[in-house]
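Novice: when you get a sec, could you give me coordinates for this:
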Amino acid sequence: MGRGEIAGNRLLLVGILMVLVSCDTAEAVRIKDIASIKGIRSNQLVGYGLVVGLDGTGDKSGAAFTRQSLGNLMERMGVSVGQDQLNVANVAAVMVTATLPPFARIGDRLDVVASSVGDAKSLGGGTLLITPLRGVDNTVYAVAQGALSIGGSGGEGGGGGKVKNHLLVGRISGGASVEREIPFELNAKKNLTLSLNRPDFTTVTRVADSIDAVMGEGTAFAKDAGTIELQVPESLQGQVPRFIAGIERLDISPDTAARIVVNEKTGTVVIGENVRISTVAVTHGNLTITVRESQEISQPLPLSDGETAATTETDVSIEEERMPVMLLPEGSTIKDLVKALNAIGVSPRDLISIFQSIKAAGALQAELEVI
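Specialist: Okay, here's the model as predicted:
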């Protein structure tokens, strides 16, 4: 390992150490950022439509469903044309998706995304024709239409082509209009359920205690690690949005499980603040095996009966870099480990192997997750 590489590794580990130092004390966060009210959520919408106006970059004539869809559309408009007479080079079949937010009202605008389902080359310059968007209950909640923006470009010639970004997915900002609302009577409710985004017994208890301290004893009841039952106080019944707002802005310090997450593909290591290490000695050496092969030509003397021959010479060398042994005492934090590793200049990928070995030895008091 060269001095430049060691310096780079030390710089990276110093950065990791700085992050860990800044995370020593759990920061208070709003309940709004770690939990949500059950039933108040977004819903996904989907529809099938046609994009027209393409400059010869649409589905080929072999896309039977595109020709069938175009023929059916024209028949509904009073134009009767045989499907075998339709040219769909300027037309592309697409799936259209959108997200219906909670409390969306009739006339609200939604962003939509149209994705090609045929063999079109590009949706650039196309216009999405009126497309009903349905929920999982097959009810139409919105209708989409408009000109697509794809954010990419491409071109081709006889010898090849060039494409920048993706050409088969387009977006229409505000391209759908809400036509049906999802009924949800909030003010009539006297009981609500608060769900933590990441269930934890310590955190859920802190949340319930914080709510009771402000809203009154008995307002919140921790049902399990991720659920809190809320009872709307009499003084706020009929004013549930005000009750929810008062809860959402409360600050608490969430508790987190000790966890290390490593990605072996990229060498990324993410370390939680509560990780602890029992007494352990660690050494990590780098073994390098180099194999070199060279061709040697054996040339016989003139007028001899020998023949020219080629032989292979193989040279194998093994180098092992000696690393010092690190002793970490009982109760060492992950900062102590990173500081020790920083002193000997290990790489992020070495960290993964070291953590796995410490975990196998039973000295890592944390969950090690490999993704």
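Novice: residues touching Ile358, list them.
Specialist: Neighbour list for Ile358: Ile277, Val280, Val282, Leu364 [criterion: Cβ atoms under 8 Å, 6 or more residues apart in numbering]. Placement of C-beta: from N, CA and C, glycine included.
Novice: most neighbours among the residues you listed, which one?
Specialist: In terms of neighbours by other Cβ atoms under 10 Å, the contacts of Ile358 top out with Leu364 at 23 neighbours.
Novice: just the endpoints, please. Distance across stretch 229-249?
Specialist: This stretch, stretch 229-249, spans 18 Å end to end (Cα to Cα, to the nearest Å).
Novice: identify each buried residue in it, please.
Specialist: Leu230, Gln231, Val232, Val240, Phe243, Ile244, Gly246, Ile247 (16 or more other Cβ atoms under 10 Å).
Novice: quick one: mean pLDDT for the helix or strand harbouring the last one?
Specialist: Meaning Ile247. Counting by DSSP states H and E, the element that carries Ile247 is helix 240-248. What helix 240-248 shows for mean pLDDT is 95.
Novice: what's the answer for stretch 185-194, then?
Specialist: 93.
Novice: and for stretch 84-96?
Specialist: On average, stretch 84-96 scores 88.
Novice: residue contacts, Ile247?
Specialist: Counted by Cβ under 8 Å, 6+ apart, Ile247 has contacts Ile31, Leu194, Ile211, Met215, Leu230.
Novice: at 10 Å what do you get?
Specialist: 30-32, 35, 37, 192, 194, 207, 210-211, 214-215, 219-220, 228, 230 (Cβ atoms under 10 Å, 6 or more residues apart in numbering).
Novice: and those residues, which are buried?
Specialist: Members of the contacts of Ile247 classed as buried by 16+ other Cβ under 10 Å are 31, 35, 37, 192, 194, 207, 210-211, 215, 219-220, 228, 230.
Novice: reformat those residues into a markdown table and put distance to Ser177 and secondary structure next to each item.
Specialist: Shown next, in a markdown table, are those (distance: Cβ to Cβ, whole Å; DSSP: H, G, I helix; E, B strand; the rest coil):
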| residue | distance to Ser177 | secondary structure |
| --- | --- | --- |
| Ile31 | 34 | helix |
| Ala35 | 32 | strand |
| Ile37 | 27 | strand |
| Leu192 | 31 | strand |
| Leu194 | 33 | strand |
| Val207 | 38 | helix |
| Ser210 | 41 | helix |
| Ile211 | 39 | helix |
| Met215 | 39 | helix |
| Thr219 | 40 | coil |
| Ala220 | 39 | strand |
| Ile228 | 37 | strand |
| Leu230 | 35 | strand |
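Novice: reformat those residues as CSV; add distance to Gly107.
Specialist: Formatted as CSV, the buried ones among the contacts of Ile247 follow (distance: Cβ to Cβ, whole Å):
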residue, distance to Gly107
Ile31, 32
Ala35, 31
Ile37, 25
Leu192, 28
Leu194, 31
Val207, 37
Ser210, 39
Ile211, 36
Met215, 36
Thr219, 37
Ala220, 37
Ile228, 35
Leu230, 32
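Novice: list just the nearest of those residues to Asp350.
Specialist: Nearest to Asp350, judged by Cβ to Cβ, of the buried ones among the contacts of Ile247 is Ala35 at 38.6 Å.
Novice: where along the stretch 51-200 of the chain do the helices fall?
Specialist: 64-76 (DSSP state H, counting those that start in this stretch).
Novice: now do Asp315, the pLDDT please.
Specialist: In this model, Asp315 carries a pLDDT of 63.
Novice: ugh, wrong one, Ile228
Specialist: 97.
Novice: try Asp119
Specialist: pLDDT, Asp119: 89.
Novice: rewinding a little: closest to Ser122 among the contacts of Ile358?
Specialist: Leu364 (51.6 Å).
Novice: quick one: end-to-end distance for stretch 77-93.
Specialist: End-to-end distance for stretch 77-93: 18 Å, by Cα to Cα.
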